[in-house]
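Trainee: model this:
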Amino acid sequence: MVELKIDGEYIQLDKALKLAELAQTGGHAKMVIQDGLVTVNGVVEVRRGKKLRDGDVVELEGEKFIIKK
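Mentor: Okay, here's the model as predicted:
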């Protein structure tokens, strides 16, 4: 599982997908989130502004990453 390092207290889900290179653009991130293809800690997440914090695990199409502060 890949670690995604963040500087602040949190990062928004759509920005995290772009940073992890699982979404090419903000529009692509929005689309996969709204289509229900993204899980956060094992639960489908449809809010692109969802705040991810240290220890959260995100998965899209079999690719996983964990948020690390």
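
Trainee: and the gap between the closest residue to residue 34 other than its chain neighbours and residue 37?
Mentor: Nearest residue to residue 34 in three dimensions, chain neighbours excluded: residue 46, at 6.0 Å (C-beta to C-beta, 6 or more residues apart in numbering). Any C-beta I mention is one placed from the backbone N, CA and C, and that applies to glycine too. According to C-beta to C-beta, to the nearest Å, residue 46 and residue 37 sit 10 Å apart.

Trainee: thinking again about what came up before, tell me if I am right that the residue nearest to residue 34 is in a strand.
Mentor: No. Checked against DSSP: H, G, I helix; E, B strand; the rest coil, residue 46 lies outside a strand; its state is coil.

Trainee: Give me the neighbour count for it.
Mentor: Residues lying near residue 46 (other C-beta atoms under 10 Å) number 12.

Trainee: ok so, going back, anything in contact with each of residue 46 and residue 37?
Mentor: Common neighbours of residue 46 and residue 37 are not found (criterion: C-beta atoms under 8 Å, 6 or more residues apart in numbering).

Trainee: give me the element residue 29 is part of.
Mentor: helix 26-34 (DSSP states H and E).

Trainee: How far off centre is that helix?
Mentor: 11 Å (C-alpha atoms, centre = their mean, to the nearest Å).

Trainee: now stretch 53-63
Mentor: 6 Å.

Trainee: One more: stretch 22-36?
Mentor: On C-alpha atoms, centre = their mean, the centre of stretch 22-36 falls 10 Å from that of its chain.

Trainee: tell me the mean pLDDT for that stretch?
Mentor: The average of the pLDDT scores along stretch 22-36 is 96.

Trainee: what's in contact with it?
Mentor: Residues contacting stretch 22-36 (C-beta under 8 Å, 6+ apart): 13-15, 17-18, 38, 44-48, 60-61, 63, 65.
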